[in-house]
Structure formats: C-alpha cells, structure tokens
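J.: Let's see this in three dimensions:
(one chain, ligands or ions: 1)
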Amino acid sequence: MKRILLHSCCAPCSAAILEWLGENGYDVTIFFYNPNIYPEEEYLKRKSEIVGYANSLGVPIVDMDEQGWSEQHSGWLSVAEPLAAEPERGNRCLECFKYRLAATAKYGAENGFDMFTTTLASSRWKSLEQINLAGRYAQELVDSKIEFWEKNWRKGGLYERRNLLAKQFYNQQYCGCEFSVRK
Ligand code: SF4
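T.: All right, here's what the predicted structure looks like:
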C-alpha cells in the first residue's frame with residue numbers, strides 16, 4: 001500500500017480528499033506546515049480545526065510547528081515580503097507553495113513516504129499550474145524516490161464534495177497571509 005503524505009492547508013480543503021483517500025485504500029498521514037498564515041490567532045484556529053478533524057477520523061497528523069508561529073512566520077516573510085505587491089495567483093503565491101511543499105517533500109523523504117500531495121490543489125482560488133510547478137520543484141530538492149502526486153483534486157466530483165463537507169468548519173475569509181486579507 002502506498003504511503004501518502006498529504007500537505008494540508010486547512011480542514012475545509014482537506015475533508016473531501018481525506019474521504020477519497022480512505023475510500024480508495026491509501027495509507028495517509030496529514031502534514032500541517034503553513035507558516036504563511038497570519039495572524040497567530042488565525043493560524044492556531046486553522047491548525048486546531050485540522051488537528052481535531054484528523055483525530056476524529058483516526059488519521060495521523062504531523063504538526064510541523066517546531067519554532068512557534070512568530071519565528072516560522074518570519075522565515076516565510078523573508079521570502080514573501082519582497083513580493084508583497086503581487087496579486088493572488090502571482091509570484092508570491094508560487095514562492096509560498098514552493099516554501100511549504102519543500103518542507104513536505106523533505107519530511108516525506110526522511111520518513112519513508114512514497115508520494116506527497118497537497119490540499120492546496122482543491123481550491124479554485126489557486127492556480128493548479130503553480131501548485132504543480134511547486135510540487136515538482138520540491139520533489140527535485142530531495143534526494144529520494146518520493147514523488148509529487150499531481151492528482152487534480154477538483155475533478156471526479158471532489159470539488160462539489162469539498163464544498164459540501166467544508167460547511168462543517170470555520171468559514172475562512174482570506175487565503176492566509178497578511179497580503180491576502182480582504183479589506
Ligand atoms: S495569498 Fe495565499 S498562496 Fe498567496 S502568498 Fe498569501 S497565503 Fe500564500
């Protein structure tokens with residue numbers, strides 16, 4: 001059975017994918033690494049939702065919060081702040097995906113996973129092309145057989161299922177970083 005490391009951005013984007021992976025017999029572990037989320041209160045809220053949901057399903061979850069929010073977010077800002085003026089779906093978002101997926105690929109390679117993928121790909125607000133570029137970039141960074149799984153998580157009824165299951169969670173008003181907070 002393939003071991004899948006699922007990078008999760010939040011619970012609403014993860015529920016339908018987790019359901020599909022379970023129904024199709026995959027051995028999945030959730031990986032939470034989202035230092036882009038601002039402010040800390042929002043970060044903790046999104047994290048606690050996915051941790052609680054994973055626990056309710058009995059799916060293992062890795063919380064890659066080794067440094068605490070402030071330090072993690074500062075590291076992410078060093079990459080994203082020079083691109084603050086970029087629109088959503090611009091270069092800042094590509095770098096943001098690369099940053100998060102690089103950590104996912106590294107953890108997956110070090111812990112014997114066969115493939116990694118991301119729930120970022122389930123949202124129509126995000127560019128699938130950018131996500132796939134970032135996933136391939138992350139795969140190439142690690143010296144391992146781990147593969148980036150380029151599955152389109154919006155097809156086969158998954159997008160509709162995502163929207164249905166998302167209703168049980170906190171309704172997020174923006175993508176995540178301070179540059180995406182809607183005025
Ligand atoms: S808008 Fe979203 S994807 Fe783009 S940089 Fe901000 S958090 Fe990352």
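J.: quick one, strands of this structure?
T.: 3-7, 27-32, 61-63, 115-118, 147-148 (DSSP state E).
J.: Cys9 against Thr117, yeah?
T.: No - taking contacts as C-beta atoms under 8 Å, Cys9 lies outside contact range of Thr117: 11.9 Å. All C-beta spots, glycine's among them, are computed from the backbone N, C-alpha and C.
J.: what about Thr29, how many neighbours?
T.: 18 (other C-beta atoms under 10 Å).
J.: so can I have JSON lines of the strands of the chain showing distance to Phe169 and mean pLDDT?
T.: Below are those laid out as JSON lines (distance: least, C-beta to C-beta, whole Å; pLDDT from 0 to 100):
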{"stretch": "strand 3-7", "distance to Phe169": "16", "mean pLDDT": "98"}
{"stretch": "strand 27-32", "distance to Phe169": "14", "mean pLDDT": "98"}
{"stretch": "strand 61-63", "distance to Phe169": "15", "mean pLDDT": "98"}
{"stretch": "strand 115-118", "distance to Phe169": "18", "mean pLDDT": "98"}
{"stretch": "strand 147-148", "distance to Phe169": "26", "mean pLDDT": "98"}
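J.: just these: most buried one?
T.: strand 115-118 (a mean of 25; mean count of other C-beta atoms under 10 Å).
J.: quick check, that one touching the ligand?
T.: No - if you take C-beta under 6 Å from any ligand atom as the test, strand 115-118 misses the ligand, and the best it gets is 11.3 Å.
J.: how far does that strand sit from the chain's center?
T.: Here strand 115-118 is found 9 Å from its chain centre; the criterion is C-alpha atoms, centre = their mean, to the nearest Å.
J.: Kindly report the same for stretch 5-22.
T.: Mean-position distance between stretch 5-22 and its chain equals 9 Å (C-alpha atoms, centre = their mean).
J.: same thing with stretch 161-169?
T.: Relative to its chain's centre, stretch 161-169 lies at 17 Å (C-alpha atoms, centre = their mean).
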